[in-house]
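Asks: Structure of the sequence below:
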Amino acid sequence: METNQNGAGRKKLYISVIVALLLVNSVSLYFLFSENHEKTDVIIEKTALQNNFKSLSDSLDAKNTVIDQYIGKDAALDKAIAEKEDMLTQEKHEIAGLLHKNKMTGAELAKAKGLMVEYQASISDLQAKVDALMAENQQLKGQNQQLAADLSTEKQTTTQLSVKNEGLSKKVEVGSLLSVADLSVEAIKTRNNGKEVQVKKAKAAQQFKISFETGENKVIDPGQLSLYVRIINPKGETIAVADQGSGTMQCENSDQPCQFTKKADIDYNQTNKKVVLYWGQDIKDPGTYKIELYQNGHVIGQSAVTLS
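Replies: You can find the predicted model right below:
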């Protein structure tokens, strides 16, 4: 009886040990399976992360090729690019260091994921800064072009006004010239009785008598008006004798001063006035003597006389 009880006790003990071993093996298998499953998930996620990282790095390299074209054109843009590129380089090295590990824990995977988010945000931020600054530069360029166009238009308007004013000035100047009538010249000699006689020979000529009428002009202010007579001998030379009042004047369309023979200052009151001038020097050569009458550098009358 006692023997049967001992046998039953040992049997129960064996069964308990077997059950305990089965439980331990089951738990071990569960943890082993879970660990292997977790490692598989890490590997899969790591592979996906590596592919995403490569794609982002390639995208950044392509952006840098475009961004490099703007370097050196704007100080603010250069600074922004340099700061962001330093940050991207640091993030890129840290992510690459984690992904190069042969075995990666879940915590390291989570850290790499966080760095990838920051890396992608930094790339987007860099692109946004470049776009904003380039848009601003384009706006400034457009404003500068508009200013240049406005300046060009204003210069053109100023030039047109200057030409117009010059034209008006010339019209006023022309309007201020006398309309000389009956300009004539004759060679004369004076007889003993004081009578003037016209002559045709150079040897007999004592003086040139130059006569003209001023005509009316309401544009010219009343007062003294200076006129200049130029006598040109048959050789084409201006007759000028300094001690007889000859000198130089500024002629129209000439940078060099011109000689005149005689100056006549008349008292002008805007009405027609008859003027007579005499000249008696260097009349000795036969030929044609030309007479030119000037006002303010403009020829306002011409005549001639031929002596034999």
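Asks: after the helix or strand bottoming out on mean pLDDT in the chain comes which helix or strand?
Replies: In the chain, no helix or strand scores lower on mean pLDDT, DSSP states H and E than helix 2-67, which sits at a mean of 57. Scanning forward in sequence from helix 2-67 by DSSP states H and E, the next helix or strand is helix 75-99.
Asks: what's the average pLDDT for that next one?
Replies: The predicted model assigns helix 75-99 a mean pLDDT of 71.
Asks: beta partners for Asp265?
Replies: On the basis of DSSP bridges, Asp265 is bridged to Ser226.
Asks: Check the one 10 residues further on too.
Replies: On DSSP bridges, the residues paired with Val275 through beta bridges are Phe212.
Asks: Quickly list the domain ranges of this protein.
Replies: Domain ranges of the chain: 2-141, 181-307, per automatic domain parsing.
Asks: Quick one: mean pLDDT over the last one.
Replies: Going back to what we said before, that points to domain 181-307. Across domain 181-307, the average pLDDT comes to 91.
Asks: For the nearest residue to Phe260 once chain neighbours are set aside, give me its contacts.
Replies: Distances taken as Cβ to Cβ, 6 or more residues apart in numbering place Tyr228 nearest to Phe260, at 4.1 Å, with adjacent residues excluded. For the C-beta atoms, the positions are set from N, CA and C on the backbone; glycine is no exception. Taking Cβ atoms under 8 Å, 6 or more residues apart in numbering as the contact definition, Tyr228 lies against Met249, Phe260, Lys262, Lys263, Ala264, Leu293, Tyr294, Gln295.
Asks: ok, Gly223 to Gly247 distance?
Replies: 21 Å (Cβ to Cβ, to the nearest Å).
Asks: could you list every residue that touches Gly271?
Replies: I think there's a mix-up here, since residue 271 is Thr and not Gly. Thr271 makes contacts with Glu216, as judged by Cβ under 8 Å, 6+ apart.
Asks: what about 10 Å?
Replies: Thr214, Gly215, Glu216, Asn217, Lys218, Pro222 (Cβ atoms under 10 Å, 6 or more residues apart in numbering).
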